[in-house]
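Chemist: only geometry, no sequence info:
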């Protein structure tokens with residue numbers, strides 16, 4: 001696997017993005033996705049040292065690669081953060097992630113948006 005900035009290799013030897021002091025990592029999940037979709041396992045290490053994981057992220061139809069998985073994850077993080085800014089944990093999308101991640105996403109919305117845009121506009125940052 002070859003990674004190009006802004007990606008790096010995490011301490012878990014996974015492709016990672018560093019945003020707002022957090023390390024966002026993604027890999028293919030061991031659990032199969034539904035209806036031909038790719039399922040991803042995400043790990044987010046927040047600046048306070050807490051670790052949060054999940055394997056509920058799936059690609060669109062016909063699967064996806066890791067860069068597309070990161071794009072989707074950033075999109076959901078942005079939605080959760082935006083929702084939190086308006087209604088705290090009562091917002092429509094604020095329960096997509098555990099509260100510490102949602103709060104972090106709300107505080108780092110600009111950086112998440114910039115990273116998301118960079119991934120969308122620059123295909124091939126992760127060569128598998």
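Modeler: Arrived safely. Because the structure is a prediction, the values reported are computed rather than measured.
Chemist: Can you tell me the closest non-neighbouring residue to residue 123?
Modeler: Counting by Cβ to Cβ, 6 or more residues apart in numbering, residue 123 lies nearest to residue 67, which is 7.1 Å off, once chain neighbours are set aside. Where you see a C-beta, it was placed from the backbone N, CA and C, and this is true even at glycine.
Chemist: So the closest residue to residue 99 other than its chain neighbours: helix, strand or coil?
Modeler: By the measure of Cβ to Cβ, 6+ apart, the closest residue to residue 99 outside its immediate chain neighbours is residue 89, 5.9 Å from it. Assigned by DSSP: H, G, I helix; E, B strand; the rest coil, the conformation of residue 89 is helix.
Chemist: doesn't residue 102 make contact with residue 89?
Modeler: Yes. Using Cβ atoms under 8 Å, residue 89 is in contact with residue 102, at 7.0 Å.
Chemist: what's the overlap in contacts for these two?
Modeler: Shared between the contact lists of residue 89 and residue 102 (criterion: Cβ atoms under 8 Å, 6 or more residues apart in numbering) are residues residue 95.
Chemist: Perfect, I'm done here.
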